[in-house]
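Asks: Just need the structure, nothing else, for what follows:
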Amino acid sequence: MAKICSLSGFVLLALLCMCEAQEVKVYELKRGDFSAKFTNYGATMLSVILPDRTGKLDDVVLGYDSVNNYKNDTTYFGALVGRVANRIGGANFTLNGVLYKTVANDGKNTLHGGSKGFGDVIWTAKNYKKDSHVTFTYDSFDGEEGFPGELSVSVTYMIIGMNKLGVKMQAKPLNKATPVNLALHTYWNLGGHNSGDILSHILQLFGSSITPVDDELIPTGKIIPVQGTPYDFLQPREIGSKFNQLPDGYDVNYVLDKSNPKHLRKVAVVQESKSGRKMDLWTNMPGVQFYTSNMLKNEKGKDGSVYSVHAGLCFETQGFPDAVNNPNFPSQIVNPGETYKHFMVYRFTAH
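Replies: Have a look, this model is predicted:
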């Protein structure tokens with residue numbers, strides 16, 4: 001009887017530890033007027049609050065009032081998506097002579113890691129310091145959503161100085177080679193998350209080429225220049241200024257221009273005239289998915305707001321979509337003993 005009681009006690013303790021480990025919480029980083037909130041559900045960015053040119057504070061990230069709403073969303077608001085962000089054509093790929101079939105959750109294709117990708121799992125929070133940083137970790141198991149091998153993943157969000165936000169993503173395969181392509185799926189509106197559409201935002205995007213896609217948004221394998229097309233943002237202009245040529249909006253991967261190998265690549269500069277807010281973004285990734293929330297429709301968001309089409313814009317720095325099936329794209333395969341590293345730096349100002 002004593003053994004049974006003792007065993008029951010261990011089982012209860014184990015269950016309590018599991019519950020504690022699975023608890024979903026919100027973590028705020030704050031320095032001066034600059035603050036951001038995150039949750040260990042999907043390692044998700046919940047909010048970024050910034051002053052405008054007059055000092056008025058606004059949340060410039062689209063999202064929901066409750067963390068529970070993120071568990072059932074189809075928007076990927078603020079999520080850290082993976083194991084392979086963006087699309088895998090036909091939901092399969094071959095690696096080292098083995099055919100892997102991933103979970104098809106976007107027609108016959110895989111999107112953002114499958115039906116339960118990294119944006120829909122509970123991460124473990126570590127090293128939280130409110131005026132500095134928070135780290136989330138996740139251990140992905142062999143075969144999760146069809147991907148090979150165990151993978152140890154981490155993301156650190158950090159405040160740098162008084163107006164920069166850094167994101168450091170890392171992943172280490174433990175026993176098999178695997179594709180890795182993590183991306184942060186934040187929707188931005190520098191006028192405030194509930195200020196309407198982003199079509200009047202002025203954008204400069206440092207990508208001279210794109211990877212065009214077919215009707216299912218799978219890359220054709222080609223890389224074509226943007227010059228003379230509606231995709232050309234090499235010089236600053238309003239995002240909506242060429243929607244007459246591209247009525248559905250933007251949802252495409254840009255090939256970022258190379259920079260000094262010792263420095264991060266400049267991705268984009270985006271400005272909103274009424275608030276005076278400006279956001280600069282840098283990364284070490286070769287591409288960025290520029291998305292103008294074309295699929296948002298009457299999405300109930302924070303503070304009773306309703307988000308309509310083009311209510312936000314996404315800059316998902318990444319490897320190229322469907323790279324596992326396009327040998328001419330930069331490889332996303334990471335082997336045991338290697339570490340995937342993905343950096344992003346945002347700088348926020350107001351003038």
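Asks: Check the gap between Tyr70 and Glu299 for me.
Replies: Distance, Tyr70 to Glu299, using Cβ to Cβ, to the nearest Å: 12 Å. Every residue, glycine included, has its C-beta placed from N, CA and C.
Asks: ignore the last one, Asp139
Replies: Note on Asp139: its distance to Glu299, by Cβ to Cβ, is 32 Å.
Asks: When the two are compared, which one has more neighbours?
Replies: Shown here are Asp139 and Glu299; by other Cβ atoms under 10 Å, Glu299 has more neighbours (22 against 13).
Asks: how about the closest residue in space to that one that isn't next to it in sequence, what does it touch?
Replies: Using Cβ to Cβ, 6 or more residues apart in numbering and skipping the chain neighbours, the partner closest in space to Glu299 is Tyr307 (4.3 Å). Contacts for Tyr307 were tallied using Cβ atoms under 8 Å, 6 or more residues apart in numbering; they are Leu62, Asn194, Ser293, Leu296, Asn298, Glu299, Lys300, Gly301.
Asks: What values do phi and psi take at Tyr307?
Replies: Listed backbone geometry of Tyr307 is phi -90, psi 130, with angles given as degrees, to the nearest 10.
Asks: and Gly249, how many neighbours?
Replies: By the other Cβ under 10 Å criterion, the neighbourhood of Gly249 contains 21 residues.
Asks: should've said Glu23
Replies: By other Cβ under 10 Å, the residues close to Glu23 number 9.
Asks: Then Thr339?
Replies: A count of neighbours around Thr339, defined by other Cβ under 10 Å, yields 11.
Asks: Now do the closest residue to it other than its chain neighbours against Pro330, distance only.
Replies: The shortest distance from Thr339 to any non-neighbouring residue, by Cβ to Cβ, 6+ apart, is to Lys172 (5.2 Å). For Lys172, the distance to Pro330 equals 19 Å [Cβ to Cβ].
Asks: the more surrounded of those two?
Replies: When Lys172 and Pro330 are compared for neighbours, Lys172 comes out ahead with 16 against 12, by other Cβ under 10 Å.
Asks: List the beta-bridge partners for that one.
Replies: Using DSSP bridges, the bridge partners assigned to Lys172 are Ser152.
Asks: And the average pLDDT for stretch 213-224 is what?
Replies: Averaged over stretch 213-224, pLDDT sits at 96.
Asks: now it, how far from the centre of its chain.
Replies: Centroid separation between stretch 213-224 and its chain, computed with Cα atoms, centre = their mean, to the nearest Å, is 21 Å.
Asks: what residues does that stretch touch?
Replies: 87, 89, 106-109, 209-212, 251-253, 255, 320-322, 326, 328-329.
Asks: The same query, at a cut-off of 7 Å, please.
Replies: Counting by Cβ atoms under 7 Å, 6 or more residues apart in numbering, stretch 213-224 makes contact with 87, 89, 107, 109, 209-212, 251-252, 255, 320-322, 326, 328, all of which sit outside it.
Asks: Going by neighbour count, list what's buried in it.
Replies: By neighbour count on 16 or more other Cβ atoms under 10 Å, the buried set for stretch 213-224 is Val213, Leu217, Ile218, Pro219, Ile223.
Asks: Tell me the spacing between the first one and Lys37.
Replies: Spelled out, that is Val213. 33 Å.
Asks: for Asn326, same thing?
Replies: Between Asn326 and Lys37 the computed distance is 37 Å (Cβ to Cβ).
Asks: out of these two, which sits in the more crowded spot?
Replies: Neighbours around Asn326 and Lys37, counted as other Cβ under 10 Å, are more numerous at Lys37. The numbers are 22 against 19.
Asks: ok, now which ones touch the more buried one?
Replies: Taking Cβ under 7 Å, 6+ apart as the definition of contact, the neighbours of Lys37 are Val26, Tyr27, Glu28, Leu46, Ser47.
Asks: That one falls within a strand, correct?
Replies: Yes: according to DSSP: H, G, I helix; E, B strand; the rest coil, Lys37 belongs to a strand.
Asks: now it: how far from Val60?
Replies: Using Cβ to Cβ, one obtains 12 Å as the distance from Lys37 to Val60.
Asks: same question, Phe147
Replies: According to Cβ to Cβ, Phe147 and Val60 sit 33 Å apart.
Asks: And Lys164, by the same measure?
Replies: When Cβ to Cβ is applied, the distance between Lys164 and Val60 equals 15 Å.
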